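Asker: Got a sequence here, can you build the structure:
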Amino acid sequence: MSDSNDVGNFLAGLVIGGLVGAAVALLMAPQSGEETRTLIKDRSIELKDRAVEYGQDARARAEKALEEARLRADEALEDLRERADELSQIVKERTETIQESIKSAADVAVSGDAGEAKQEPPEVVG
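Answerer: Alright, predicted model coming up:
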């Protein structure tokens, strides 16, 4: 992208330099004041038209770049949503596994406590 900016800057400098050179040549040319004013007016109209055209081109490129950026952002957002859904599913599955493990451990603990409760405590001799 910086290469296109460099080329654009070079071309803009070339056009502006050419126009400045033409204006200086007009002012230094041996002709009447009326002819010079007419020529400067014509050249300024050309310059204005070129500037408008250049501005429209720049605007079109900016709009295209903006649209591409929006598309990339939408794609990234969709990818992020998919990853979030995947992670949510993984967390849900692991939570269910942990809950089942806790329930199994609790069942074993309750079964073990019940078996001990049926046994009589040893007598204390003293």
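
Asker: any idea which helix or strand carries residue 39?
Answerer: Using DSSP states H and E, residue 39 sits within helix 33-118.

Asker: and that helix, how far from the chain's centre?
Answerer: The gap between where helix 33-118 is centred and where its chain is centred comes out at 7 Å by CA atoms, centre = their mean, to the nearest Å.

Asker: per-residue confidence averaged over that helix?
Answerer: Regarding helix 33-118, the rounded mean pLDDT is 88.

Asker: Just name whatever secondary elements it is in contact with.
Answerer: Applying 3 or more CB pairs under 8 Å, 6 or more residues apart in numbering; DSSP states H and E, one finds that helix 33-118 contacts helix 2-28. In this view, the C-beta of every residue, glycine as well, is placed from N, C-alpha and C.

Asker: ok, the most centrally placed residue in the chain to residue 67 distance?
Answerer: In the chain, the residue lying closest to the centroid (CA atoms, centre = their mean) is residue 73, at 5.1 Å. Here residue 73 is placed at a distance of 11 Å from residue 67 (CB to CB, to the nearest Å).

Asker: picking that back up, check the spacing between the residue nearest to the centre of the chain and residue 80 real quick.
Answerer: 10 Å.

Asker: same check, this time on residue 53
Answerer: For residue 53, the distance to residue 80 equals 41 Å [CB to CB].

Asker: How about residue 35?
Answerer: Taken as CB to CB, the span from residue 35 to residue 80 is 67 Å.

Asker: Ok, residue 104 next?
Answerer: Residue 104 is 36 Å from residue 80, where distance means CB to CB.

Asker: Spit out the contact partners of residue 29.
Answerer: residue 36 (CB atoms under 8 Å, 6 or more residues apart in numbering).

Asker: Do you know the pLDDT at it?
Answerer: 70.

Asker: Dihedrals phi and psi, it?
Answerer: Here is the backbone geometry of residue 29 (degrees, to the nearest 10): phi -70, psi 140.

Asker: change the start of the numbering to 39 and stick with it
Answerer: Sure, I'll start counting at 39 from here, so that last one is residue 67.
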